[in-house]
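Engineer: Quick check, what structure comes out for this input:
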Amino acid sequence: MTQNATAMADIDPRNPWIAALFSFALPGLGQFYNGDLNKALWLFLGFLLIGVPGVTIAALYVPALLMLPLALVSALATLGVWGVAIADAWRVAARRQVYTRREWQVSGLYAVLFLAGTLALVLAADTMRQQMVQTFRIPTAAMEPGILRGDMVFADKRYNCPGCAAPVARGDIGIFVYPNDRAQYYIKRVIGLPGDQVSITSHGVTVNGRPLSRAEAVDGDHIFVTEQAGQHSWRVQWANTGETGEFALKVPPGQIFVLGDNRDANTDSRQFGTVPLADLVGKARQVWFSSGGGGVRWSRLGKVLE
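Structural biologist: Sure, this is the predicted structure:
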């Protein structure tokens, strides 16, 4: 075989469809196929670092007014990097019809890079979900009027952990492992801390002899009560049936007492007892999406939970 024939045999033109498909599967992989290692790395890192941190920052660190816009910007930027990776892979491959395949461009390495990149994305998302912020959908009306059925909320997972800046406090909306089924999470309001004496009479809740109720108003079938603990206030509702009940309990060490805001239409510590502090996994912070029978509830998007 002549030298020219050998050179021709080594030419392996880049296929634009393969390049685009690779970058669709994993941003940067198409650039690797085209031989652009530096570009492949930066596109993958851009896809990884814009998406996951962007959602975290939007959920935990910005004012309510900016939460939804920042989340949308982060999502669009992530999709933008993905789209750029696909378009660039196609464009460059179409121009590289005279290309000598590198020794390291073998099928096994493509498979390893795809698996490693996918694993990195999954680990980053899982780390964020386990340690920073997680989304929960509210399936019941147990926390009305503040949280509605169909709300999707961001929960701060930095809550109730060693060295946390903000300890668990009365009035927090906590998400915890349901004592009677540890495969489920419940969302309730923290009313009693370890050692507290909690009592309920009629529509009033008292903690250590101090009433939480500050104001009461009747509206149709419900009695709305404003409760307050320290500087934190919130609204709850009771059924306007005229019936009263009494309940009293001292919260054991290492436990919390929780109530739903919809006091007559939920299951809480009055039924299943106190909850171990160790099972409190997050604090509901903000509504990021909400939908009901009438469609999307646009006015609730970005609402900070009290």
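Engineer: Relative to R101, how far out is R189?
Structural biologist: Taking C-beta to C-beta, to the nearest Å as the measure, R189 falls 63 Å from R101. Yep, even glycine has a C-beta here, placed from its N, CA and C like the rest.
Engineer: So between these two, which is more surrounded?
Structural biologist: The neighbour comparison of R189 against R101 (other C-beta atoms under 10 Å) goes to R189, with 24 against 14.
Engineer: Let me know the secondary structure of the more buried one.
Structural biologist: Three-state assignment for R189 (DSSP: H, G, I helix; E, B strand; the rest coil): strand.
Engineer: if I pick it, what's in contact with it?
Structural biologist: Neighbouring residues of R189 by C-beta atoms under 8 Å, 6 or more residues apart in numbering: 143, 171-174, 234, 236, 258-261.
Engineer: Mind picking the two most distant members of those residues?
Structural biologist: G174 and V236 (15.1 Å; C-beta to C-beta).
Engineer: shouldn't N15 be in contact with R96?
Structural biologist: No. Applying C-beta atoms under 8 Å, one finds N15 not in contact with R96, separated by 9.7 Å.
Engineer: Neighbour count for the two, which is higher?
Structural biologist: Comparing N15 with R96 by other C-beta under 10 Å, the one with more neighbours is R96, at 19 against 16.
Engineer: From K157, how far out is the closest residue to F24 other than its chain neighbours?
Structural biologist: Once flanking residues are discounted, F24 sits nearest to I86: 5.4 Å by C-beta to C-beta, 6 or more residues apart in numbering. Taking C-beta to C-beta as the measure, I86 falls 33 Å from K157.
Engineer: Check G30 too.
Structural biologist: To K157, G30 is 35 Å away according to C-beta to C-beta.
Engineer: More neighbours: those two, which one.
Structural biologist: More crowded of G30 and K157, by other C-beta under 10 Å: G30, with 30 against 20.
Engineer: And the more buried one, what's its pLDDT?
Structural biologist: At G30, the model reports a pLDDT of 91.
Engineer: residues in contact with it?
Structural biologist: 18-24, 40, 85-86, 88-90, 93.
Engineer: Looking at the residues you listed, which is nearest G220?
Structural biologist: If you rank the contacts of G30 by distance to G220 using C-beta to C-beta, F24 comes first, at 54.0 Å.
Engineer: Based on its surroundings, how many neighbours for that closest one?
Structural biologist: Neighbour count for F24, taken as other C-beta under 10 Å: 15.
Engineer: That one: what secondary structure?
Structural biologist: helix.
Engineer: That one: what's it in contact with?
Structural biologist: Contacts of F24 (C-beta under 8 Å, 6+ apart): 30, 82, 86.
Engineer: Put together CSV for the contacts of G30, with distance to G163 and secondary structure on each row.
Structural biologist: Converted to CSV, the contacts of G30 look like this (distance: C-beta to C-beta, whole Å; DSSP: H, G, I helix; E, B strand; the rest coil):
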residue, distance to G163, secondary structure
I18, 49, helix
A19, 47, helix
A20, 47, helix
L21, 46, helix
F22, 43, helix
S23, 41, helix
F24, 42, helix
A40, 38, helix
A85, 39, helix
I86, 43, helix
D88, 44, helix
A89, 44, helix
W90, 49, helix
A93, 50, helix
